[in-house]
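J.: Sharing a model prediction with you, sequence too.
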Amino acid sequence: MTDIYGLTYKKMRDALEEIGEKPSRADVIFPAIYRDGITDLSALGFKDETTEKLSGNFYSGELECVRVLSSDTADKYLLRLSDGNTIESVMMKHEFGYNVCISTQVGCNMGCKFCASGKLKKVRDLTAAEMSGQLIAIKRISGKKISGLSIMGIGEPLDNYDNVTDLISIAMYQKGLDIGAKHITLSTCGLVPKIYELADSENPVNLAISLHAPTDELRRTIMPSANRYSISEIIEAARYYSTRNNRRITFEYVMLSGINDSVQQAKQLAELLCGLNGYVNIIRYNSTGDQAFTCTPHEQIMAFYDILKKNGIGVTMRRSLGSSVSAACGQLRAETR
Ligand code: SF4
C-alpha cells in the first residue's frame, strides 16, 4: 500500500498506470485531496472498479494532531506520525497570507549549538508523505489557504534530499496546493554538494543558508557541520545557485551576544558577501532555555545592521513570529508533555 500524499503528480500517474488505471485520473485525484481536502479515496466519484483498485493500492496517511499552541502571530502544531514519533510544524500569520514551516526529519544530526531541535539526535528522515501530510493537517485544522512554505523546521532538508524535492514538487503542483516556487524557501546549514544538486534540479526554490559566523574558526564552535564545509566553499555554492537560477540568496545570521555580534565581525561578514546576489537576514536569538547563549542587545543589533548597510550589503531583520509558543527559529523541539 502506498501513501498517496507522498506521490508527486508524475509518480501518481506512473502508479495509476501500474495498477491498470488511466494516468489522467491523477488530474481528478490531485485537486480532490489537496484542494478539496478529501481523505476518503472512495469519495472521489469514480466507478466501483476504479474505487476498489484505488482503495486496494493507496491510502491517505493523515497525521494525528496532538496539540496546537496559538499566539497572535503563529500556531504551533504537534503532530504524531504513524510510528509514534512526534514532529512540529508552524503556521505563521503574515499580512499577505499564511506561511507554513515544516519539519523534514525526526530530530537532527547537525547539532547547531544554539538550536533546540539540534539537541535531539536524528531518529529518521521524514517521507515525502509525512511532509505533505503536515501541510494537509494544518490546512484541514486551520481552514486556511497556505500561500507560502518554509522548509526550515526540525531537520536538515538537504540531508533528506530526495524526499524533500518530492515534497517541493507536490507543494508546487498547480492542480494541488499550488504554492509558487517564489513562495517556497529551503534553509540549509550548508551541505555544499546538495546545494549544487538543488541548483540544477527541476525546482530550485529560494535558498537560505544558515551562516551565523563570518569565520570558519568561530563557525566550527557553534555549528559542527562547519567541520565538513568551509565558508568559502559555501559562498561559492551560493554564487553558483544564484547565477544559475537568478535567485537572491538569504544568509541567516542569529545574533548571539558576545559571540558573533561585534563591529569587526560585521565588517568581516560584509567583506565575505561583497558582490554576491544575496542579503543577510538578521535573527534575534530566541531563548531555548540554554544558558550558554543570550540575544545581543537591540542597540548592538542595530549597529551590526548599520555596518552591513554602509558596506553595501542588503540586510533585513526577521520579525520574530511565534516566540511566545516556542515556535520561533531554533525553538522547535517535539515534546509530548
Ligand atoms: S539549526 Fe537546523 S540544521 Fe542546525 S541543528 Fe537546528 S534543525 Fe538542525
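T.: Looks like it came in fine.

J.: Give the full set of residues in contact with the most centrally placed residue in the chain.
T.: What sits nearest the mean C-alpha location of the chain, by C-alpha atoms, centre = their mean, is residue 151, with 0.9 Å. Residues counted as contacts of residue 151 (C-beta atoms under 8 Å, 6 or more residues apart in numbering) are 101, 102, 104, 157, 164, 167, 168, 184, 185, 186, 187, 205. (Each C-beta comes from the backbone N, C-alpha and C, glycine too.)

J.: Go through the residues you listed and flag which are in strands.
T.: 101, 184, 185, 186, 187 (DSSP state E).

J.: Can you name the residues bridging to the second one?
T.: Pointing back at residue 184 there. With DSSP bridges as the criterion, residue 184 is bridged to residue 149.

J.: what's the distance between it and residue 196?
T.: 19 Å (C-beta to C-beta, to the nearest Å).

J.: And residue 54, by the same measure?
T.: 39 Å.

J.: Please identify which of these two sits among more neighbours.
T.: Neighbours per residue, other C-beta atoms under 10 Å: of residue 54 and residue 196, the larger number sits with residue 54, 20 against 15.

J.: for the more buried one, what are its contacts?
T.: 21, 29, 41, 42, 44, 46.

J.: nearest spatial neighbour of the third one, skipping sequence neighbours?
T.: With C-beta to C-beta, 6 or more residues apart in numbering as the measure, residue 54 is the residue that lies nearest to residue 41, at 4.7 Å, once sequence neighbours are left out.

J.: With the fourth one instead?
T.: The spatial neighbour of residue 42 that comes closest, neighbours along the chain excluded (C-beta to C-beta, 6+ apart), is residue 51 at 5.0 Å.

J.: The one you found - that's part of a strand, no?
T.: No - counting by DSSP: H, G, I helix; E, B strand; the rest coil, residue 51 falls outside a strand, being helix.

J.: ok, now which ones touch it?
T.: So residue 51 contacts 41, 42, 44 (C-beta under 8 Å, 6+ apart).

J.: All the strands of this structure, residue numbers only.
T.: Using DSSP E, strands in the chain cover 2-3, 58-59, 64-70, 74-80, 86-94, 97-101, 105-106, 124-125, 146-151, 184-188, 206-210, 249-255, 278-284, 314-317.

J.: buried ones in the fifth one?
T.: The neighbour-count check on strand 86-94 (16 or more other C-beta atoms under 10 Å) flags 86, 87, 88, 89, 90, 91, 92, 93 as buried.

J.: again with the last one
T.: Taking 16+ other C-beta under 10 Å as the neighbour-count basis, strand 314-317 is seen to contain the buried residues 314, 315.

J.: Point out where the stretch 1-150 of the chain drops to low pLDDT.
T.: Low-confidence segments of the stretch 1-150 of the chain (pLDDT under 70): 118.

J.: Near the ligand, which residues of it are found?
T.: By the rule C-beta under 6 Å from any ligand atom, the part of the stretch 1-150 of the chain lying against the ligand is 108, 110, 111, 112, 115, 117, 118.

J.: quick one: which of those is nearest residue 64?
T.: Comparing these against residue 64 with C-beta to C-beta places residue 117 closest, at 20.6 Å.

J.: was I right about that closest one contacting residue 152?
T.: No - with contact defined as C-beta atoms under 8 Å, residue 117 and residue 152 do not form a contacting pair (10.0 Å).

J.: Pull up the overlap in contacts between those two.
T.: With C-beta under 8 Å, 6+ apart as the test, residue 117 and residue 152 reach no residue in common.

J.: what residues does stretch 173-181 touch?
T.: 8-9, 27, 30-31, 33-35, 135, 139, 146-149, 170-172, 203-206.

J.: before we move on, what about stretch 255-269?
T.: 114, 211-215, 218, 222, 253-254, 280, 282-285, 293-297, 300-301, 303-304, 307-308, 311, 313.

J.: Generate a PyMOL selection restricted to the buried subset of those.
T.: With 16+ other C-beta under 10 Å as the criterion, this PyMOL line picks the buried residues out of the contacts of stretch 255-269:
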select buried, resi 114+211+212+213+214+218+222+253+254+280+282+283+284+285+293+295+296+300+301+304+307+308+313
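
J.: Restricted to helices, list the contacts of stretch 255-269.
T.: 218, 222, 300, 301, 303, 304, 307, 308 (DSSP state H).
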